[in-house]
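Asks: Provide a 3D model corresponding to the input given below.
(one chain, ligands or ions: 2)
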Amino acid sequence: MARTIAVSNQKGGVGKTTTVANLGAALSEMGQRVLVVGLDSRGDLGVHFGVSGAEVDATVYEGMFAEEVGFEEVIIHIEEARVDLAPATRELAGAELILGDMAVVERREVVAEALAPVQDRYDFIILDTAPGLHLLLVAALAAAREVIIPQQASYLALHGLREITESIQQLRRMGPRLSICGILLTMQDRRTVHHRQVIHMVREGFGELVFNTVVPATIRFQEAPANGQPITQYAPNSEAAQVYRQIAREVMERAPQT
Ligand SMILES: Nc1ncnc2c1ncn2[C@@H]1O[C@H](COP(=O)(O)OP(=O)(O)OP(=O)(O)O)[C@@H](O)[C@H]1O
Ligand SMILES: [Mg+2]
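Replies: Ligands and ions are numbered 1, 2, ... in the order given. This is a model prediction of the structure:
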């Protein structure tokens with residue numbers, strides 16, 4: 001059975017999609033069988049693997065809502081990165097309407113039920129969720145056992161720990177059974193004087209919940225998707241690639257709590 005991990009934060013632009021793509025690729029490098037799932041209608045996750053919405057026949061939307069389409073038909077094998085991808089496209093924006101018409105119990109299970117037939121083929125299933133609070137997020141959090149919460153380090157410098165507390169509370173409300181795999185600090189700008197203080201403050205506040213590895217801000221993380229590759233492939237010897245390999249190791253060591 002796969003470990004299903006949602007990468008979520010209601011705040012936009014904190015590094016969710018970047019983390020799903022690069023953590024997925026790094027875990028695969030370590031010999032893990034990985035499926036990454038796009039649950040954002042903007043289709044950002046596919047871009048990290050050179051897959052554009054125009055090229056795909058079936059997406060997670062059909063995988064979830066079309067009776068005749070099994071989830072395995074939606075999965076694209078990315079040869080180079082050795083990762084499987086279930087892509088999303090714009091039509092996924094319609095999911096909210098469909099979910100809104102379903103009974104509460106039924107709609108919570110939509111993502112879990114879609115993934116059920118492929119669960120045993122993977123060691124990790126990583127879900128890229130869209131920002132904001134929406135019904136598809138509730139379904140994603142119900143399908144996942146664990147959540148990784150990326151937080152932008154520079155933002156925390158201004159808003160402090162309350163930002164993290166609020167993210168955790170929000171996710172807990174939406175997914176009461178979830179265990180926190182870790183809080184991941186991203187986009188750390190080492191040129192600022194207070195960057196070490198921010199990390200120190202977050203560790204003081206949240207201890208073990210915080211990943212030891214911090215993701216630095218570097219243009220490499222923008223160049224890689226522009227080139228349609230995860231960082232481990234685009235710049236395999238860079239510090240940026242090394243960082244996500246370390247995060248992958250930490251995720252492996254952090255056995256899910258029951
Ligand atoms: N460590 C980093 N250093 C520099 N730029 C980064 C880093 N991580 C992500 N980015 C860039 O920041 C932007 C937002 O990142 P990303 O798309 O991963 O965030 P997100 O949380 O998925 O956003 P959204 O909420 O809109 O889905 C992207 O342009 C990405 O390339
Ligand atoms: Mg995203």
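Asks: List the contacts of the one residue in the stretch 101-250 of the chain that gets nearest to ligand 2.
Replies: Closest to ligand 2 within the stretch 101-250 of the chain is Asp128: 6.0 Å, counting by CB to the ion. Any C-beta I mention is one placed from the backbone N, CA and C, and that applies to glycine too. Contacts of Asp128 were listed using CB atoms under 8 Å, 6 or more residues apart in numbering, and they are 7, 16-17, 20-21, 36-40, 44-45.
Asks: So the nearest residue to Pro87 once chain neighbours are set aside versus Val202, what's the distance?
Replies: Counting by CB to CB, 6 or more residues apart in numbering, Pro87 lies nearest to Gly46, which is 4.3 Å off, once chain neighbours are set aside. Taking CB to CB, to the nearest Å as the measure, Gly46 falls 31 Å from Val202.
Asks: Same check on Arg190?
Replies: From Arg190 over to Val202 (counting by CB to CB), the distance is 16 Å.
Asks: Glu253 now?
Replies: 19 Å.
Asks: More neighbours: which of these two?
Replies: Val202 (22 against 8; other CB atoms under 10 Å).
Asks: so which strand or helix has that one?
Replies: helix 195-206 (DSSP states H and E).
Asks: Now do the same contact list for the closest residue to Phe206 other than its chain neighbours.
Replies: Spatial nearest neighbour of Phe206, excluding adjacent residues (CB to CB, 6+ apart): Ile183 at 5.9 Å. Ile183 makes contact with 148-149, 151, 164, 202, 206, 209-211, according to CB under 8 Å, 6+ apart.
Asks: Next step: these restricted to strands.
Replies: Among those, the members found in strands (DSSP state E) are 148-149, 151.
Asks: Pull out the buried members of the residues you listed.
Replies: Buried subset of the ones in strands among the contacts of Ile183 (neighbour count, 16 or more other CB atoms under 10 Å): 148-149, 151.
Asks: Format those as a markdown table; extra columns: pLDDT and distance to Arg108.
Replies: Formatted as a markdown table, these follow (pLDDT from 0 to 100; distance: CB to CB, whole Å):
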| residue | pLDDT | distance to Arg108 |
| --- | --- | --- |
| Ile148 | 97 | 21 |
| Ile149 | 96 | 20 |
| Gln151 | 95 | 26 |
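Asks: Nice, that's everything, thank you.
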